[in-house]
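# return a 3D structure for these sequence lines:
(chains A and B)
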Amino acid sequence: MTANLGGTAITSSHCGTGFFVLHQSMKGEKYEMSKPIENVEEVLRHTAAHIMAQAVLRLWPDAKVAIGPTIKNGFYYDFDLEHRFTPEDLERIEEEMERIVQEKLPIIREEITNEEAVELFSKLEQPYKLELLEELDDEVSIYRQGEFVDLCRGPHLDSTSKVRFFKLQSIAGAYWRGDSKRPMLQRIYGTAFSNKKALREHLRMLEEAAKRDHRIIGRDLDLFSIQEEGPGFPFFHPKGMVLRNALEDFWREEHRKRGYQEVKTPIMLHEDLWHRSGHWDNYRENMYFSEIDEQNFAIKPMNCPGGMLLYRRKLHSYRDLPIRMAEMGLVHRHELSGTLHGLMRVRCFTQDDAHIFMLPSQIQSEIEGVIDFVDSVYRDVFGFKYHVELSTKPENAIGDDAMWDKATDALREALDAKGLEYVVNEGDGAFYGPKIDFHLEDCLGRTWQCGTIQLDFAMPERFDLTYIDENDQRQRPVMIHRVIFGSLERFIAILIEHFAGAFPTWLAPVQVQIIPVSDDHLDYAEQVEKTLFDANIRVETDRRSEKMGKKIREAQLQQIPYMLIVGEKEKEAGVVSVRHRREGDLGTFKLEDFVQKITEEIASKRQ
RNA sequence: GCUGGCGUGGCUCAGCGGUAGAGCAGUCGAUUCGUAAUCGACAGGUCGAGGGUUCAAGUCCCUCCGCCAGCUCCA
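Residues are numbered from 1 along each chain as shown, chains lettered A, B, ... in the order given. The predicted structure is shown next:
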């Protein structure tokens, strides 16, 4: 297989799913890499990262280079230097990169011993490379292009001339080796493609994503805001509440159908509860505390301890189980200020939580039930694709290994029984149990963690939960924590970006905008409005004495699904002219026909 | 929290040592219009907050707050 990268090709031999890239060795022999790569563009980007590092070193010879890998859709390189990069520097670096490309420098791989590499990078005064070498094998590879040499596993293209379509994108801080205790380096992000069109298309995609930013659309459509007085604590506006309530109504109905009962637990509870639950030991950093009558209280960061108290309020028979207890629970978490991001990352949010208390024999069927539930919401209703991850015991876990193994196996078995593919995240579980996470994919291919199912043997133990079995013995129930939307706030943010504000009619804050052609038609407009209002349609009339074109434009910008134009013609015939935000003029409809059409559309939750 | 950047009317932005500006939105008036922006007038800002430098500070310096891009963390 040969990939065309503008002129000379990199040659690669096909092998299984990936393919191997061939390199020129020092002696001019072909060298075959052992690492299969998925994508020639990755090699291109890796080489682009080297060219960028070379350019930076030419401009700032005292810069220390750290690492420069490829990432999804691009690459970065981390630098340590006194000078602070500015956006203008990016242009200068790009120009220097351009020059390096023009120089058509051959890229040469060498294999040397670790000691030789230490000697080389000591001479070059590159301490970060020396640190990397400490953890590498006796034999390492380096790549040279002109005066530049880098410690690198490769593979690379064979000449700098082949990196032609690239763009430096942004500068950011990044800790050396991702460790917040180590020095902060300066990272430059860039991207590169094998042809001009692909690069342009990618940059256009980024612009498109920026236009869908839920913070911008949320303001323009007057859905929500975050005020300076409450960083990370969002305000929902009337229109945002309509959307939110539509989601909640849907959520309630689906839970009712699946045998859940709804509860509400308090936001603030005595500190002792959080000691017992393990949150004090494992989650204190993220919690808010307060004092009432000289007693310490905590604001809940999770709903489960409240749920425990509810279960414990009375004795339970094995006949009662499973108990599926759902709660739209408002939780508060102290997140680091730098991580806050619109509705995606906030300090108070509403989890569509549920706790399922069950017999050990019910574990698998209950987990499968939740998996089906998540699938029906994500796929059938919203049309999202998603993938699944299984997270196992973390460092700060409570409960013994046997308990964890049992819980993790149960989750695995349920996934296998459902035939779901999943990736495993070792050590990424909650402190009280392993979890299955659902990551949904939006229309731009970005993924978001939303749903999660966590199996918990620890919490029932800590709270001494029991049920009475058929032999009149006290037994320990097992518990599931789960969410479907995850957080209502984050889910709404994802919906805003996924639909770019053009919500399906069942979610649209305003479903119909009535647009009178002139003031003379206001009375008829009001008649139409009343009919729709009585049919439970969310309708508004634009009563301003503006021109029709302007009212249409504004309704379009508000992404209102239907505009009803009413003027002399419609008044005479007792009809309405229907304009759809995407399909345009749909012609005239008898009002009852339109009501039927839109009512069906809303009921079916069609997109 | 860390690194860098940025805070001027509801929004987008100009002004960068010498008495606060524009467009859109808003209000009022005129216009009564057929599928994405009618015209005019008016009103609106202690220039994020607090200190300092200066005869004089949106404009320079310091501290704090908030926002943005990442890092770390996560629903």
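
# mind listing the helices for the stretch 151-300 of chain A?
For the stretch 151-300 of chain A, helices defined by DSSP state H, counting those that start in this stretch occupy the ranges A:196-211, A:214-220, A:238-257, A:271-277, A:279-283.

# CA atoms of the second one as PDB?
Right, helix A:214-220. These are the backbone C-alpha positions of helix A:214-220, laid out as PDB (Å, rounded to 0.1, in the frame of the first residue of the first chain):
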ATOM      1  CA  HIS A 214     -23.700  26.000  24.100                       C
ATOM      2  CA  ARG A 215     -22.600  29.100  26.000                       C
ATOM      3  CA  ILE A 216     -23.200  31.300  23.000                       C
ATOM      4  CA  ILE A 217     -26.400  29.600  21.900                       C
ATOM      5  CA  GLY A 218     -27.600  29.500  25.400                       C
ATOM      6  CA  ARG A 219     -27.300  33.300  25.600                       C
ATOM      7  CA  ASP A 220     -28.700  34.000  22.100                       C
END
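
# for that helix, packing partners?
strand A:224-225, helix A:488-499 (3 or more C-beta pairs under 8 Å, 6 or more residues apart in numbering; DSSP states H and E). Glycine gets a C-beta too; all of them are placed from N, C-alpha and C.

# can you list the strands that the shortest one pairs with?
When you say that, I think you mean strand A:224-225. Neighbouring strands of strand A:224-225 in its sheet, by DSSP bridges, are strand A:235-236 (antiparallel).

# which other residues reach the partner strand?
Outside of strand A:235-236, the residues that reach it under the criterion C-beta atoms under 8 Å, 6 or more residues apart in numbering are A:223-227, A:244.

# so how far is that strand off the chain centroid?
21 Å (C-alpha atoms, centre = their mean, to the nearest Å).

# that older thread, got the helices and strands packed on helix A:214-220 as TSV, with mean neighbour count columns?
Output for those, formatted as TSV (neighbours: other C-beta atoms under 10 Å):
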stretch	mean neighbour count
strand A:224-225	19
helix A:488-499	23
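
# could you dump these into TSV and include mean pLDDT and distance to A:E116?
Output for the helices and strands packed on helix A:214-220, formatted as TSV (pLDDT from 0 to 100; distance: least, C-beta to C-beta, whole Å):
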stretch	mean pLDDT	distance to A:E116
strand A:224-225	94	59
helix A:488-499	94	51
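
# right, and these - which one's nearest RNA strand B?
RNA strand B lies closest, by C-beta to the nearest atom of the strand, to one member of these: helix A:488-499, at 4.5 Å.

# and that closest one, what other elements does it pack with?
Here helix A:488-499 touches helix A:214-220, helix A:238-257, strand A:348-358, strand A:447-456, going by 3+ C-beta pairs under 8 Å, 6+ apart.

# can you rerun that using 10 Å?
Helices and strands touching helix A:488-499, by 3 or more C-beta pairs under 10 Å, 6 or more residues apart in numbering; DSSP states H and E, are helix A:214-220, strand A:224-225, strand A:235-236, helix A:238-257, strand A:348-358, strand A:435-441, strand A:447-456, strand A:478-487.

# to RNA strand B, which of the ones you listed lies closest?
Proximity to RNA strand B (C-beta to the nearest atom of the strand) singles out strand A:478-487 among the helices and strands packed on helix A:488-499, at 2.7 Å.

# sheet partners, orientation included, of that closest one?
Under the criterion DSSP bridges, strand A:478-487 sits next to strand A:348-358 (antiparallel), strand A:447-456 (antiparallel) in its sheet.

# average pLDDT across stretch A:429-442?
Confidence over stretch A:429-442, taken as the mean pLDDT, stands at 88.

# try stretch A:479-486
In this model, stretch A:479-486 has a mean pLDDT of 95.

# and it, C-alpha only, in PDB?
Taking only C-alpha atoms (Å, rounded to 0.1, in the frame of the first residue of the first chain), the coordinates of stretch A:479-486 have been written out as PDB:
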ATOM      1  CA  MET A 479     -27.200  -1.700  45.500                       C
ATOM      2  CA  ILE A 480     -26.800   0.000  42.100                       C
ATOM      3  CA  HIS A 481     -26.200   3.700  41.600                       C
ATOM      4  CA  ARG A 482     -27.100   4.800  38.100                       C
ATOM      5  CA  VAL A 483     -27.800   7.900  36.000                       C
ATOM      6  CA  ILE A 484     -29.100   8.100  32.400                       C
ATOM      7  CA  PHE A 485     -28.600  11.800  31.400                       C
ATOM      8  CA  GLY A 486     -25.800  12.000  33.900                       C
END
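
# so how far is that stretch from its chain's centroid?
Counting by C-alpha atoms, centre = their mean, stretch A:479-486 comes out at 17 Å from the chain centroid.

# again, but for stretch A:179-199
20 Å.

# can you give me the end-to-end span of it?
Across its full length, stretch A:179-199 reaches 32 Å between end residues, using C-alpha to C-alpha, to the nearest Å.

# ditto for stretch A:286-305
Using C-alpha to C-alpha, the gap from the first to the last residue of stretch A:286-305 comes to 16 Å.

# determine which two of the contacts of strand A:235-236 are furthest apart.
Taking every pair in those and measuring C-beta to C-beta, the maximum separation is 18.0 Å, between A:Q227 and A:R244.

# and the residue nearest to the spatial centre of chain A, how far from A:K385?
Here the mean C-alpha position of chain A is nearest to the C-alpha of A:W448 (C-alpha atoms, centre = their mean), at a distance of 2.4 Å. If you measure A:W448 against A:K385 using C-beta to C-beta, to the nearest Å, the figure is 12 Å.

# which residues do those two both contact?
A:439-442 (C-beta atoms under 10 Å, 6 or more residues apart in numbering).

# got the residues you listed as a markdown table, with neighbour count and distance to RNA strand B columns?
Written out in a markdown table, the entries for these read as follows (neighbours: other C-beta atoms under 10 Å; distance: C-beta to the nearest atom of the strand, whole Å):
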| residue | neighbour count | distance to RNA strand B |
| --- | --- | --- |
| A:H439 | 18 | 9 |
| A:L440 | 23 | 10 |
| A:E441 | 15 | 14 |
| A:D442 | 18 | 14 |
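
# from these, pick the one nearest A:R219.
Relative to A:R219, the closest of the shared contacts of A:W448 and A:K385 is A:D442; by C-beta to C-beta it sits at 19.9 Å.

# for that closest one, phi and psi?
Backbone dihedrals for A:D442, given as degrees, to the nearest 10, come out at phi -90, psi -180.

# ok, and the closest non-adjacent residue to it?
Once its chain neighbours are removed from consideration, A:D442 has its nearest residue in A:H498; the separation is 4.4 Å (C-beta to C-beta, 6 or more residues apart in numbering).

# close enough to count as contact, the one you found and A:R446?
Yes. With contact taken as C-beta atoms under 10 Å, A:H498 and A:R446 are classed as touching, separated by 9.4 Å.

# what residues are shared contacts of the two?
Taking C-beta under 10 Å, 6+ apart as the contact rule, A:H498 and A:R446 both touch A:L440.
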